[in-house]
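**Student:** Any chance you could fold what I've pasted below:
(chains A, B, C and D)
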There are 2 protein chains.
Amino acid sequence: MPQSDLFAVLNAQLGALSRSEQSIAALLTSETDYALSASITELAARAEVSPPTVTRFCRRLGCESYSDFKMQLAQAAFTGLRYNRTLEIGEKPDYADSVFDAAVSAMRTTRDALDRDRVEEAARAVSQAGTIAAYGSGGNSAMIAGEIQNRLFRLGLHVSASADHSFQLMQSAALGPGDVVIGSSLSGRNVELIKAFAAARTYGAVIIAMSRSASPVALAAHINLAVDIDEGDNILMPTSARYSFLMMVDILAHRVAQLRETPARETLRRIKFQLANERDANDREVLGD
Amino acid sequence: MPQSDLFAVLNAQLGALSRSEQSIAALLTSETDYALSASITELAARAEVSPPTVTRFCRRLGCESYSDFKMQLAQAAFTGLRYNRTLEIGEKPDYADSVFDAAVSAMRTTRDALDRDRVEEAARAVSQAGTIAAYGSGGNSAMIAGEIQNRLFRLGLHVSASADHSFQLMQSAALGPGDVVIGSSLSGRNVELIKAFAAARTYGAVIIAMSRSASPVALAAHINLAVDIDEGDNILMPTSARYSFLMMVDILAHRVAQLRETPARETLRRIKFQLANERDANDREVLGD
DNA sequence: TCATTACTGAAAATGAATTTCAGATTGAGG
DNA sequence: CCTCAATCTGAAATTCATTTTCAGTAATGA
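**Tutor:** Okay, here's the model as predicted:
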């Protein structure tokens, strides 16, 4: 499974390429689809270079062979490492693809870097927790805290989400051994969150962070579920990191669900019952909409 | 660019395959990674068939050649069409991949079915709106409403999100021509939301739904941004439809951002300024965390 | 100017994919 | 149980793609 993405490598190396190789690079970006279905001979002809030059080009990009290169190209082009770079506002064509590709790309990065041992530790703590406090503020992380609540209550757990720093501090002071705090921070520099972590830690709760590796927030926790996405600073554009965080929540919840399978089933049955009842009867409120 | 996904074709054809071909199919699903890097000779050897059989197998699956097949395989394996089916709670191995794949799969479905004309209509309405009211309830849609707010305020628009039906009704009554309602519903059957739509419609607001095609909610709106994801009814499992909704929000926001480029830049500049200020100064509150 | 280095493509060598064809297997009908 | 037709399969040959080797050329620096 290729770890790096081809277009990133290509951009990084662009300066160091020779004239012939730049010609290949240009062809790749402008006519990716053609390149995907072309043989090395055809590609070489179109770029007006010789086949050996193409082979050398592939090697320079870190591929073993032309076919290895083509595989990586196929993957990069398919989901969108093509648009991996920071999205620019001017790009009219295929903004939908850009959004999709950026999201997939972010999620893939997070998945590839996933530390399953940390997830396991976190899931075990959560699955046996008394109270679970989900913290996050500033739009994105607040949403994530909400999602943690939304996913975990379904498993019969006692969760409360808060985006309010003062409340977070108070609640942390009320926690104890066997309780769990899950705090999310995109930047990893939410100082108020760190304070809440510290308080909860004093009283013996397990602290789980979802944040940048080795960030202050990560370091203040017992367990960090790493989400390292470089956003660039284009605030206008959708932040693809949200997809990574969401995925991390789901991964954690999925594992917790497995660990709690039996007790969760009962809660599930009850929620389902409510849902069915309401739906079929008079179609009023739909739970979990 | 291949439209269909290889594993789907494979499953569909599974019955019609001969013994040798089934052997290849089995190898593909069990050792996809190996298959990706293998030559036709190696793959044939491992599946204990001859190379020509592999070629024929590829053709049967609708590919032109072995290399075409390998490209499609690379793409399918890369983003997750492998686990396209509904997630089951029993699946211990690779729950992270399952979550990832289900999410990508949902998003891909939504992207492929995207009606750009509807997006365009919606984006135009939103970009010129006086007030924008984002409605959604029941956990998931409430989150989406929040995200609509979170993305659109950055563009200098006046948005308010609400998950409260009574408030939604009241607010709808206060809207008028030039205002926009965006309501999200996973099930498409949120009756209270439909009431709020009706009220806002009476007073001349443009109604945008994000919901199932042809659902009651969709029909109650002027424009529906279709999100058709079949969830199954496993409430325990993470709902991958959320990713689709999130993507739809980002797509809309992206397009609106393009349309509003100039006014948005100023808001952006201000938010950025705040952000930089706070970050570099005393690292207190991080905006947009 | 000359020597060194890096780039490039022609040609040869290698190796992979496909086509052809003949043998083997299966299944329907006698 | 046999026979024929249809289908499946792999060995060998063919074709084609990829890589290696090597020699020529251009660029760089002393």
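**Student:** residue nearest the centroid of chain A?
**Tutor:** Note on chain A: the residue nearest the mean C-alpha position is A:Ser244, at 1.5 Å, using CA atoms, centre = their mean.
**Student:** give the contact list for it.
**Tutor:** Residues in contact with A:Ser244, defined by CB atoms under 8 Å, 6 or more residues apart in numbering or on different chains, are A:Ala106, A:Met107, A:Thr109, A:Thr110, A:Val227, A:Ile229. All C-beta spots, glycine's among them, are computed from the backbone N, C-alpha and C.
**Student:** make it 6 Å
**Tutor:** By CB atoms under 6 Å, 6 or more residues apart in numbering or on different chains, the residues touching A:Ser244 are A:Ala106, A:Met107, A:Thr110, A:Val227, A:Ile229.
**Student:** excluding its backbone neighbours, what's nearest the first one?
**Tutor:** Taking CB to CB, 6 or more residues apart in numbering or on different chains as the measure, A:Ala106 lies nearest to A:Ser240, with 3.9 Å between them; neighbours along the chain are not counted.
**Student:** Phi first, then psi, for that neighbour.
**Tutor:** phi -70, psi -20 (degrees, to the nearest 10).
**Student:** hang on, isn't it packed against A:Ala102?
**Tutor:** Yes: taking CB atoms under 6 Å as the definition, A:Ser240 is a contact partner of A:Ala102 at 4.2 Å.
**Student:** Looking at those two, which is more packed in?
**Tutor:** The residue with more neighbours, out of A:Ser240 and A:Ala102 and counting by other CB atoms under 10 Å in any protein chain shown, is A:Ala102; that gives 29 against 26.
**Student:** ok so, going back, mind checking how far the residue nearest to A:Ala106 is from DNA strand C?
**Tutor:** 35 Å (CB to the nearest atom of the strand, to the nearest Å).
**Student:** Kindly report the same for A:Thr29.
**Tutor:** With the distance defined as CB to the nearest atom of the strand, A:Thr29 ends up 18 Å from DNA strand C.
**Student:** now A:Gly130
**Tutor:** Using CB to the nearest atom of the strand, one gets 58 Å for the distance from A:Gly130 to DNA strand C.
**Student:** Contact partners for that residue?
**Tutor:** By CB under 6 Å, 6+ apart, the contact set of A:Gly130 is A:Gly178, A:Asp179.
**Student:** Tell me what angle the strand or helix carrying the residue nearest to the centre of chain A forms with helix B:241-259.
**Tutor:** Using DSSP states H and E, A:Ser244 sits within helix A:241-259. The directions of helix A:241-259 and helix B:241-259 differ by 170 degrees, with axes from the mean of the first three to the mean of the last three CA atoms, to 10 degrees as the criterion.
**Student:** Show me what counts as buried in helix A:241-259.
**Tutor:** Residues A:241-259 are the ones in helix A:241-259 that count as buried (16 or more other CB atoms under 10 Å in any protein chain shown).
**Student:** and A:Asp33, how many neighbours?
**Tutor:** Once other CB under 10 Å is used to define contacts, A:Asp33 is seen to have 9 neighbours.
**Student:** swap that for A:Ala16, please
**Tutor:** The number of residues packed near A:Ala16 is 8, by other CB under 10 Å.
**Student:** Check the gap between it and DNA strand C for me.
**Tutor:** When distances are taken as CB to the nearest atom of the strand, A:Ala16 and DNA strand C turn out to be 8 Å apart.
**Student:** likewise A:Ala47?
**Tutor:** The value you get for A:Ala47 to DNA strand C, if CB to the nearest atom of the strand is used, is 9 Å.
**Student:** ok, now which ones touch that residue?
**Tutor:** A:Ser23, A:Ile24, A:Leu27.
**Student:** ok, now which ones touch the first one?
**Tutor:** Meaning A:Ser23. For A:Ser23, the residues meeting the contact criterion (CB under 6 Å, 6+ apart) are A:Ala47.
**Student:** Give me the buried positions along the helix or strand it falls within.
**Tutor:** Element membership for A:Ser23 (DSSP H and E) is helix A:19-30. Of the residues in helix A:19-30, those buried under the neighbour-count criterion (16+ other CB under 10 Å) are A:Ser20, A:Glu21, A:Ser23, A:Ile24, A:Ala25, A:Leu27, A:Leu28.
**Student:** Stretch A:209-216 now?
**Tutor:** Applying a neighbour-count criterion of 16+ other CB under 10 Å, the buried positions in stretch A:209-216 are A:Ala209, A:Met210, A:Ser211, A:Arg212, A:Ser215, A:Pro216.
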